[in-house]
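>>> next one to model:
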Amino acid sequence: MKLLMIRHGQTPSNVMGALDTAAPGAPLDETGLLQAAGLVNRLENEEVGSLYASPLIRARMTAEPLATTRKLALNERDGLRELAAGELEMRNDKESLLAYYSVFMRWLTGDLAARLPGGESGSAALRRFTSVIEELEAQDPGAATVVSHGAMLMVWTRAMASNVSLDFIRTAPLSNAGVLALEGSMSKGWVVSSWDGTKLD
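Sure thing, here's the model as predicted:
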């Protein structure tokens, strides 16, 4: 199947550098609204299929212009939410950001047992996200689109896609309203054909 994965648009928390991972989360700011609207034209030649989004406000707001233009139902799934910051929620001090990044990098290298205090393990995060992908694959095996969050999308694609290396992710973090295009299935595996505008082999 063809799978599009989209990171939400910019929020005030992104600008502040805050670890905003819990519901309902911050809404899109003016830049984020423009990014969400711009997805309509960016994806005009793409097959969107069914549309799913994280329940956090910023993900829903990012998906809404696409849902309206394509006349699609917007399906919310809790499994698409961001990687939980736990006790570091909404902090933006250097120590907290480094702690979050450290666990994030451990997950990217396969240490999925790692977790933040009060947060979830990498394996738990992958399970909940994968359960949504399995659901949409069963319902619409041709194409689907999910709107989720940067860290979650990077961890999942690193774990599931055969052509996304750790070095690549380190040098190409997913931008706000960035789009990943994947092909494959849960049974056969996934390949990323495009990462935020960069074609991959």
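
>>> correct me, but residue 89 touches residue 23?
No - using C-beta atoms under 8 Å, residue 89 is not in contact with residue 23, being 10.9 Å away. Backbone N, C-alpha and C define where each C-beta goes, glycine included.

>>> neighbour count: the two, which is higher?
residue 89 (16 against 11; other C-beta atoms under 10 Å).

>>> gap between the residue sitting furthest away from the middle of the chain and residue 88?
For the chain, the largest distance from the centre (C-alpha atoms, centre = their mean) belongs to residue 95, which lies 24.2 Å off. From residue 95 over to residue 88 the distance is 9 Å, taken as C-beta to C-beta, to the nearest Å.

>>> now residue 80
Remark: distance between residue 80 and residue 88 (C-beta to C-beta) = 21 Å.

>>> before we move on, what about residue 167?
26 Å.

>>> more neighbours, these two?
When residue 167 is set against residue 88 and neighbours are counted by other C-beta under 10 Å, the residue ahead is residue 88, at 22 against 8.

>>> now the residue nearest to that one when sequence neighbours are not counted, what are its backbone angles?
Of all residues not flanking residue 88 in the chain, residue 96 sits nearest, at 4.6 Å (C-beta to C-beta, 6 or more residues apart in numbering). As for residue 96, its main-chain torsions (degrees, to the nearest 10) stand at phi -70, psi -40.

>>> give the burial count for residue 96, as a bare number.
Residue 96 has 19 neighbours, counted by other C-beta under 10 Å.

>>> same check on residue 82?
23.

>>> cool, residue 174 as well?
Using other C-beta under 10 Å, residue 174 is surrounded by 22 other residues.
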